[in-house]
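*Asks:* can't give you the sequence, but here's the structure:
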């Protein structure tokens, strides 16, 4: 049965997509769902609870798998890491493309409408994790006495942020699944080739 909770979530998603988290109105959400604002507080405790209900599981799964991809790479031996560059990122990105396409509106909420919530700045958070992982990998190469080029912190940050910004465009545009697969493949190959060149691998 399509009850109050479901009607409120549908109305909330439309409201957040139109106005963002900060600009969303509980009164408009309640009116669109045909209930009082008291029902909003009763079901979700307020606006924050509604947004959490809409995107919390999606966000946590996405970031959890991203962190696991990083950690699985770190668990490899130095030689394996050297020969595995790009493999973990490919496996994660292939999974992430389908995950985002199946939840496109959820990711639009996270990417464009989450200012003021714990979900804001997801690209910055991913970039910070990736930069740390890249620095650790360069230290691994140093320990193997593998020559690699130096990367300025600014260039490293910009390259990583650009990669994730480009990748998230999949959720923001109406790509078909086939277009998204090809786009992500080309994006990954472009950045992987650049990193391998800089690192001398």
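*Replies:* Yep, it's here. Bear in mind the structure is a predicted one, so any value in this text is a computation, not a measurement.
*Asks:* how does the chain divide up, domain by domain?
*Replies:* Using automatic domain parsing, the domain parsing of the chain gives 1-45, 55-199.
*Asks:* pLDDT on the last one, on average?
*Replies:* Per-residue confidence for domain 55-199 averages out to 89 on the pLDDT scale.
*Asks:* how about CSV for the domains of the chain, with mean neighbour count added?
*Replies:* C-beta here means a position set from N, CA and C on the backbone, and glycine is covered the same way. As requested, the domains of the chain are exported to CSV (neighbours: other CB atoms under 10 Å):
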stretch, mean neighbour count
domain 1-45, 16
domain 55-199, 16
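*Asks:* For the helix or strand hosting residue 80, which helices and strands make contact with it?
*Replies:* Per DSSP states H and E: residue 80 is located in helix 78-83. With contacts taken as 3 or more CB pairs under 8 Å, 6 or more residues apart in numbering; DSSP states H and E, helix 78-83 sits against helix 122-143.
*Asks:* at 6 Å what do you get?
*Replies:* Helix 78-83 sits against no helix or strand, with contacts defined as 3 or more CB pairs under 6 Å, 6 or more residues apart in numbering; DSSP states H and E.
*Asks:* ok, and what's touching the following helix or strand past it?
*Replies:* Next helix or strand after helix 78-83 toward the C-terminus (DSSP H and E): helix 87-101. Contacts to helix 87-101, defined as CB atoms under 6 Å, 6 or more residues apart in numbering, come from residues 69, 73, 107, 170-171, 177, 180, 184, 188.
*Asks:* Those residues: which two are farthest apart?
*Replies:* Largest separation among the contacts of helix 87-101 by CB to CB: 73 and 177, giving 26.7 Å.
*Asks:* all helices of this protein, in order?
*Replies:* For the chain, the helices defined by DSSP state H occupy 4-23, 26-33, 37-44, 47-74, 78-83, 87-101, 104-112, 122-143, 153-172, 177-199.
*Asks:* so how far does stretch 106-118 reach from one end to the other?
*Replies:* 14 Å (CA to CA, to the nearest Å).
*Asks:* What lies in contact with it?
*Replies:* Taking CB under 6 Å, 6+ apart as the rule, stretch 106-118 contacts 16, 20-22, 51, 55, 58-59, 100, 119-120, 122, 168, 171.
*Asks:* Taking those residues, tell me the two that lie furthest apart.
*Replies:* So, the contacts of stretch 106-118 by CB to CB: farthest apart are 22 and 100, at 23.8 Å.
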